[in-house]
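Participant: Curious how this folds, go ahead:
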Amino acid sequence: MRKSSGLTLAELLIGVFALAIAAGLLCYGVLAKRDEAARIRCRNNLNQLAKGMASYIWDDRFYCWPAARAGCGTKADPQVGGAEWLATLYWTKIIPDPGAFVCPASRDDNEWGEKLGSYGCPGSKPLAGDAVSYAGMGDRSVGIYLASKLNKGASWATSKLAVRDDFPPNEPMMCDDTEGAVNHGRARSMNVLFFDSHVEYWTHDKVDAETGVGRGDLCAMRN
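Facilitator: Here you go, the predicted model:
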C-alpha cells in the first residue's frame, strides 16, 4: 500500500502548538521591550524634573512652591499636593515641555499642557488626575516626613513646611503615581527619584502595588 503523504491529526496539533508558543514568546518579547522603553522614558522625565528643581534653587534656598497661584497654595481648596509642586516648574517656564510631566507607561494625558494651566491650576480648581503622572512633596509632606522619620510627633504631620535645598539626599523626592495602581503596573514596579538626583527602579519586593504605594519610604509623596 502507498503511504499517505498528508499530516496526521497529531502532527497537525503539534505544529499548531509550536506556532502558538513561538507567537507567545514573540509577543512577550515585544511587550518586554515596550515596557523597558517606557521605564527609560519615565526615568528621563524624572531626571528632567530634578534638573528643573535644581535650576529653581540656584539663587534660592528653597524649592519652588505654588503659593499665590490660582487655586494652589491659597486658603481656599485645593490644598497643595505633589502634582501642584511639580506643575510649578511648568508654570514658571523652567520646564516648558508638558510631556515631561506624563509617564509613558500610564494612561495620563494632559492634552499638551491644557490640563496643566499656564499660571496655576486651571479654573482655580485642583489639577486633573491625569495632568501630572508623578507624585512629589505636597503642602504637608515635610511635616509627614519629620513625623515618620525623626519622631517629631503628630503635630509635625500637619505642618506646612517648605522643602529646603538641604533636604536629606537619600530621601525620595518624586516617584511614579501614588494614587491607585502604579504606572508600571504590569511589572508591579515604579521609578523613584531621590534628592541627590539618582533614580531607582523599585520592584514589587519594595513596593506593594496594591497597598504599599505612598507608604513607608514614600510616605511623604503625594499626587
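Participant: Quick check on the residue nearest to the spatial centre of the chain: phi, psi?
Facilitator: What sits nearest the mean C-alpha location of the chain, by C-alpha atoms, centre = their mean, is residue 176, with 1.8 Å. The phi/psi pair for residue 176 (degrees, to the nearest 10) reads phi -60, psi 170.
Participant: Surely it is in contact with residue 190?
Facilitator: Yes. Counting by C-beta atoms under 8 Å, residue 176 does reach residue 190; the two are 3.8 Å apart. Every C-beta, even on glycine, is put in place using the N, C-alpha and C of the backbone.
Participant: who touches both of the two?
Facilitator: Any residue near both residue 176 and residue 190 by C-beta atoms under 8 Å, 6 or more residues apart in numbering counts here, and that gives 182, 183, 184.
Participant: For residue 195, the count of nearby residues, please.
Facilitator: Neighbourhood size, residue 195 [other C-beta atoms under 10 Å]: 19.
Participant: Tell me the spacing between it and residue 173.
Facilitator: Per C-beta to C-beta, to the nearest Å, residue 195 is found 5 Å from residue 173.
Participant: Now the common contact residues for the two.
Facilitator: Common contacts of residue 195 and residue 173, defined by C-beta under 8 Å, 6+ apart, comprise residue 167.
Participant: Looking at neighbours, which among the shared contacts of residue 176 and residue 190 is most surrounded?
Facilitator: The most crowded member of those, judged by other C-beta under 10 Å, is residue 182 (28 neighbours).
Participant: Report the beta-bridge partners for the closest residue to that residue other than its chain neighbours.
Facilitator: Distances taken as C-beta to C-beta, 6 or more residues apart in numbering place residue 190 nearest to residue 182, at 4.4 Å, with adjacent residues excluded. Under DSSP bridges, the beta-bridge partners of residue 190 are residue 202.
Participant: What separation is there between residue 168 and residue 121?
Facilitator: From residue 168 across to residue 121, the span is 29 Å (C-beta to C-beta).
Participant: More neighbours: which of these two?
Facilitator: Under the criterion of other C-beta under 10 Å, the comparison of residue 168 against residue 121 puts residue 121 first, with 26 against 12.
Participant: If you rank every helix and strand of the chain by mean pLDDT, what lands last?
Facilitator: Among the helical and strand segments of the chain, the one scoring lowest on mean pLDDT, DSSP states H and E is helix 9-56, with a mean of 76.
Participant: gap between the following helix or strand past that helix and the chain center?
Facilitator: Using DSSP states H and E, the helix or strand that follows helix 9-56 in sequence is helix 82-91. Centre-to-centre, helix 82-91 and its host chain are 13 Å apart (C-alpha atoms, centre = their mean, to the nearest Å).
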